[in-house]
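J.: Predicted model and sequence follow; I will ask about them next.
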Amino acid sequence: MTTPTMTAPAALDRFRLAARAKPLEYLFWCLPVIAYFAFPGNYLLLSQIAITGLFALSLDLIFGYAGIISLGHAAFFGAGAYTVGLLGTHGLGDPLLGLALAAACAGILGFLSSFLLLRGTNLSRLMVTLGVALMLYELANKFTNITGGVDGMPGVEVKPVLGLFDFDMFGRVGYLYSVAVLFVMFWLARRLVHSPFGQSLRGIRMNTLRMSALGVPVHSRLVTIYTIGAAYAGVAGALLAQTNQFVSLDTLGFQRSADLLLILILGGAGHLYGGLIGAIVYVVMNYFLSDMNPQYWQFWLGLILVLIVLFARGGILGTAMQWVESSRQRARTENSA
Amino acid sequence: MTIFFDGIALGMLLFLISVGLSVTLGLMNFVNLAHGAFAMLGGYACTILLNRYGVPFLATLPVAMIVPAIAGVILERTLYRRLYAASDLDQVLFSIGLVFMAVAAAHYFFGSQQQPLHLPAYLSGQIHLPGLDIGVYRLFLVVVGLVVAVSLQWSVIKTPFGARLRASVDNQRVARGMGIDVNRVFSLTFALGSALAGLGGALGVQMLGLDPEFPVKYLVYFLIVVSVGGNGNILGSLYAGILLGVADVVGKYYVPQIGAFIIYAVMVATLIFRPHGLFGRAHK
């Protein structure tokens, strides 16, 4: 009689403990600040990292937590970017308004397409997401009078942030703005995945049948998280459009979706930080490797992907955690012996 | 009518390339997105023999099948095999990785330009019938496609190898227990699929073009054929290939504004309303 009442708070404590910020996390968020002072000439690259990180975070929410495989996540990224581009051409260049509307547009798109994902296996989900992204790509490609087609939308007009900070050509404001948005979005995502809602998503990923038997409304949970993930991707796309002041057709392309999956897997899915770490490694590697031989850097990407699947299933973060865990265990057994 | 026939020829090509994918995906349950890379390999084998060494076109075709088949066996033995039991996701990532590597390797070895292909005189030209102009090469594609479809269907249903394959797929453990060398069966099947992809790639140089981006550009088409036709369903792939080919050619000819949009829409709709494909049986 007493055991359930004893264990329930104990179990909850475990979750609360997991939800508390750890020292390493504080350290991690010092990185963008350090980077600001350490690499003053590279703000464009740094903001690219922040944006890619946010995009990877959006995929992590739907893939790492809810287990929905997507090969078409660029659809929402592009939707966000084009929203900002279109707002700019109509004279509504306020950045924060752009972010909000981009999130709304991508979110609506995600909400509508999420119903296509509820049925079917992983494979058909993969192909439906791919199909939706390709359809958007074709639309953007063909409606040249709205989207500019292959030429993209150059010179997107963006007003100063909060009416105070104008985007400069060195990307300093762009970087600070991207990092600020990333931090806020990350904090929200962190709250989300540690909430009961987030826990139920994990449960769905692990055992869908059992979660529905426990009375969790699986379908509506999946729709919700897919919508949120899409909105996040939309914000990332909007950030890219605002900091580059350019929207190109390749924001919707297959390559972007595939690269994103690679980034997330590289960093480690299902930890939130995995996407950020993956983004740092990917963008920096891209920067150095494509300096050497731009065409062949894809080869190394592919090789990394193959090696990860074969040998390091958790990505960087997952492997590191495993390593820490096993060394802890070794220490424990040595102590007891 | 001529356009219609072009569509059928394109459909045959798509069928030839995709049927190998249909087999690995449907029978062996392996999501091999790198399938187009084998087709590309066949295409390059064909054009290089033809252009650099002057080998006659028809004589290059066997080579275009053997090279990808050997590559397929080697990869299957060393890499793919480890992932048969892995999740769909791992297979997808792994094969995307292979695609990336194949694309970069093709850039490196063959350059990024389109490969030219000069057909022999007896395969170019047209046959004029009342109301219908048929390119000889298109006719050739259709014949090859039909021959492959019939012989494949026949060998899966009638031959001992086909029986072993179906047994290995239905229940690996029991098949092993009955003395079937499942690993060998899978290797051979994989090689066969790769060989057909290579054949399709070589035959397709003239219609689809050939450059390093080939595996990415047409990946969606192959996937559509497989998903619409139903996994592992040879005749289904044939019908789906033809359907897709005709829809693509006719659609791009009459309504170029929406281009490829229709095809993707059809694919998504099919997946939603008939998750096992238009011609697939719902089993498992």
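T.: Happy to help now that I have it.
J.: following the lengthiest helix in chain B, which helix or strand shows up next?
T.: In chain B, ranked by residue count with DSSP state H as the criterion, the top helix is helix B:182-208. Of the helices and strands lying after helix B:182-208 in sequence (DSSP states H and E), the nearest is helix B:214-217.
J.: could you say what helices and strands that next one packs with?
T.: helix B:35-53, helix B:88-110 (3 or more C-beta pairs under 8 Å, 6 or more residues apart in numbering or on different chains; DSSP states H and E). Where you see a C-beta, it was placed from the backbone N, CA and C, and this is true even at glycine.
J.: can you tell which of those is closest to chain A?
T.: Across the helices and strands packed on helix B:214-217, chain A has its closest neighbour in helix B:88-110 (3.0 Å, C-beta to the nearest C-beta).
J.: Return the residues in contact with the residue nearest to residue A:248 when sequence neighbours are not counted.
T.: In space, and not counting its chain neighbours, residue A:248 is closest to residue A:152: 3.8 Å by C-beta to C-beta, 6 or more residues apart in numbering or on different chains. Residues near residue A:152 by C-beta atoms under 8 Å, 6 or more residues apart in numbering or on different chains: A:246-249.
J.: if we go to 10 Å?
T.: By C-beta atoms under 10 Å, 6 or more residues apart in numbering or on different chains, residue A:152 lies in contact with A:81-82, A:85, A:140, A:241, A:246-251.
J.: Pull out the buried members of the residues you listed.
T.: By neighbour count, with 16 or more other C-beta atoms under 10 Å in any protein chain shown, the contacts of residue A:152 hold A:81-82, A:85, A:140, A:241, A:246-249, A:251 as buried.
J.: Of all pairs in these, which one is the farthest apart?
T.: Pairwise distances across the buried ones among the contacts of residue A:152 (C-beta to C-beta) peak at 14.2 Å, for the pair A:140 and A:246.
J.: Any stretches of the stretch 101-250 of chain A with poor pLDDT?
T.: A:120, A:149, A:155, A:163-166, A:169-170 (pLDDT under 70).
J.: I'd like to know which residues of it are adjacent to chain B.
T.: A:113, A:115-139, A:141-143 (C-beta under 10 Å from any C-beta of the partner chain).
J.: Name the nearest residue to residue A:25, sequence neighbours excluded.
T.: Excluding the flanking residues, the one nearest residue A:25 by C-beta to C-beta, 6+ apart is residue A:273, at 7.7 Å.
J.: Flag the shaky bits of the stretch 51-200 of chain B, pLDDT-wise.
T.: For the stretch 51-200 of chain B, residues meeting the criterion pLDDT under 70 lie at B:125, B:129-132.
J.: Could you rerun that using 80?
T.: For the stretch 51-200 of chain B, applying pLDDT under 80 flags the ranges B:54-57, B:59, B:84-89, B:111-135, B:169-172.
J.: the longest helix in chain A is where?
T.: Chain A, longest helix under DSSP H: helix A:218-244.
J.: Can you name the element that comes right after that one?
T.: Next along the chain after helix A:218-244, taking DSSP H and E as the criterion, comes strand A:246-247.
J.: centre of the chain versus that following strand, how much separation?
T.: Distance of strand A:246-247 from its chain centroid, counting by C-alpha atoms, centre = their mean, to the nearest Å, is 20 Å.
J.: Establish whether the helix or strand that it is followed by and chain B are in contact.
T.: Using DSSP H and E, the helix or strand that directly follows strand A:246-247 along the chain is helix A:254-267. Yes: counting by C-beta under 10 Å from any C-beta, chain B is contacted by helix A:254-267 at A:254-255, A:258-259, A:261-262, A:265.
J.: what's the next secondary structure element after helix A:254-267?
T.: Later in the chain than helix A:254-267, the nearest helix or strand by DSSP H and E is helix A:273-292.
J.: Would you mind naming what in the stretch 101-250 of chain B lies close to chain A?
T.: Residues of the stretch 101-250 of chain B lying close to chain A (C-beta under 10 Å from any C-beta) are B:101-105, B:107-108, B:111-112, B:212-213, B:216-217, B:219-220, B:223-224, B:226-227, B:231.
J.: Mind checking which of these are buried?
T.: If you count burial by 16+ other C-beta under 10 Å, the buried members of these come out as B:101-105, B:107, B:212-213, B:216, B:219-220, B:223-224, B:226-227, B:231.
J.: Find the closest residue to chain B in the stretch 151-300 of chain A.
T.: residue A:299 (3.4 Å).
J.: need the contact list for that residue.
T.: By C-beta under 10 Å, 6+ apart, the contact list for residue A:299 reads A:289, A:293, B:97, B:100-105, B:107-108.
J.: go on, residue B:126?
T.: With C-beta under 10 Å, 6+ apart, residue B:126 has these contacts: B:2, B:132-139.
J.: Please indicate which of those residues are buried?
T.: Neighbour counting by 16+ other C-beta under 10 Å classes B:134-135, B:137-139 among the contacts of residue B:126 as buried.
J.: How about residue A:94, nearest residue that isn't a chain neighbour?
T.: The spatially closest residue to residue A:94, leaving aside those adjacent along the chain, is residue A:159, at 5.2 Å (C-beta to C-beta, 6+ apart).
J.: Specify the local secondary structure of that neighbour.
T.: Classification of residue A:159 by DSSP: H, G, I helix; E, B strand; the rest coil places it in coil.
J.: For it, what are phi and psi?
T.: Per-residue torsions, residue A:159: phi -80, psi 170 (degrees, to the nearest 10).
J.: Does it touch residue A:245 like I think?
T.: No: in this structure, residue A:159 is not within contact of residue A:245 by C-beta atoms under 10 Å, at 11.4 Å.
J.: With adjacent residues omitted, what lies nearest to residue B:123?
T.: Distances taken as C-beta to C-beta, 6+ apart place residue B:137 nearest to residue B:123, at 4.9 Å, with adjacent residues excluded.
J.: After whichever strand or helix holds the one you found, which helix or strand is next? Please name it.
T.: According to DSSP H and E, residue B:137 maps onto helix B:136-158. Scanning forward in sequence from helix B:136-158 by DSSP H and E, the next helix or strand is helix B:160-170.
J.: what is the orientation angle of that next one with helix B:182-208?
T.: Counting by axes from the mean of the first three to the mean of the last three C-alpha atoms, to 10 degrees, helix B:160-170 lies at 100 degrees to helix B:182-208.
J.: and the helix or strand harbouring residue A:79, how far out from the chain's middle?
T.: Per DSSP H and E, residue A:79 falls inside helix A:74-89. Chain-centre distance of helix A:74-89: 16 Å, with C-alpha atoms, centre = their mean.
J.: Heading C-terminal from that helix, find the next helix or strand.
T.: Sequence-wise, the next helix or strand downstream of helix A:74-89 (DSSP H and E) is helix A:95-114.
J.: which helices and strands does the next helix or strand after that next one pack with?
T.: Later in the chain than helix A:95-114, the nearest helix or strand by DSSP H and E is helix A:122-142. Judged by 3 or more C-beta pairs under 10 Å, 6 or more residues apart in numbering or on different chains; DSSP states H and E, helix A:122-142 is in contact with helix A:74-89, helix A:95-114, helix A:144-147, helix A:254-267, helix B:88-110, helix B:219-229, helix B:261-273.
J.: rewinding a little: can you tell me which of the residues of helix A:254-267 next to chain B are classed as buried?
T.: Among these, those classed as buried by 16+ other C-beta under 10 Å are A:254, A:258-259, A:261-262, A:265.
J.: First-to-last residue distance for stretch B:26-45?
T.: One end of stretch B:26-45 sits 28 Å from the other (C-alpha to C-alpha, to the nearest Å).
J.: Sorry, wrong one. I was asking about stretch A:61-70.
T.: Across stretch A:61-70, the terminal residues are separated by 11 Å (C-alpha to C-alpha).
J.: Tell me the pLDDT of residue A:56.
T.: As predicted, residue A:56 sits at a pLDDT of 90.
J.: Understood, closing this out.
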